[in-house]
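S.K.: here is a sequence with its predicted model. Questions after.
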Amino acid sequence: MDEPDRWRHMASAPKDGSRILVTVRPSEQGPAEVDLAYWSRADQFGTEGWRSSDSSPGRVIEYPEPELKCWMPLPTANLSRASMPSPWEGEDVLLLDGSGI
C-alpha cells in the first residue's frame with residue numbers, strides 16, 4: 001500500500017481478518033484512542049463486525065461501525081518510532097463520503 005502512515009475512511013478498511021489500526025471516537029468513557037482491530041465473521045463468541053485484537057473467547061470487545069472513525073494499515077517495523085500514531089483529530093466531514101448515520 002502506498003502512504004501506509006495515512007488515516008483512511010472506514011469504508012475502505014479490509015474485512016479479511018487482517019489486523020489494522022483504528023481511531024476509536026471520543027465518548028463519555030474517554031478521549032479518542034488508537035486500537036488494533038480486525039473484521040470478524042459471526043461465530044459462537046459474537047456477531048460479525050469489528051473486534052479489538054486483544055479480545056479472547058468469552059471476552060469479545062466489539063466496535064459498532066459508528067464508534068470507529070478511520071483506519072490505517074499496521075506500520076512496518078521502525079526502530080525510531082516507539083509508539084502508535086496519534087488518533088485522527090480532524091473534522092469528520094473530511095473523511096465521510098456520505099451521511100454519518
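M.R.: Yep, that arrived.
S.K.: what's the burial count for Trp7?
M.R.: Residues contacting Trp7 under the criterion other C-beta atoms under 10 Å number 21. Bear in mind the C-beta positions are built from the backbone N, C-alpha and C, glycine included.
S.K.: same thing with His9?
M.R.: Here the neighbour count serves as a burial measure; for His9 (other C-beta under 10 Å) it reads 14.
S.K.: does it touch Leu68 like I think?
M.R.: No - with contacts defined as C-beta atoms under 8 Å, His9 does not count as touching Leu68, sitting 10.4 Å away.
S.K.: quickly list what's touching both of those two.
M.R.: In the contact map built from C-beta atoms under 8 Å, 6 or more residues apart in numbering, no residue is linked to both His9 and Leu68.
S.K.: what bridges to the residue nearest to the spatial centre of the chain?
M.R.: Relative to the mean C-alpha position of the chain, the nearest C-alpha, by C-alpha atoms, centre = their mean, is the one of Val22, at 2.1 Å. Following DSSP bridges, Val22 is listed with bridge partners Asp35, Trp71.
S.K.: what residues are up against it?
M.R.: The contact partners of Val22, taken as C-beta under 8 Å, 6+ apart, are 10, 13, 34-37, 50, 63, 68-71.
S.K.: and Met10, by the same measure?
M.R.: Met10 sits next to 22, 65, 68-71 when contact means C-beta under 8 Å, 6+ apart.
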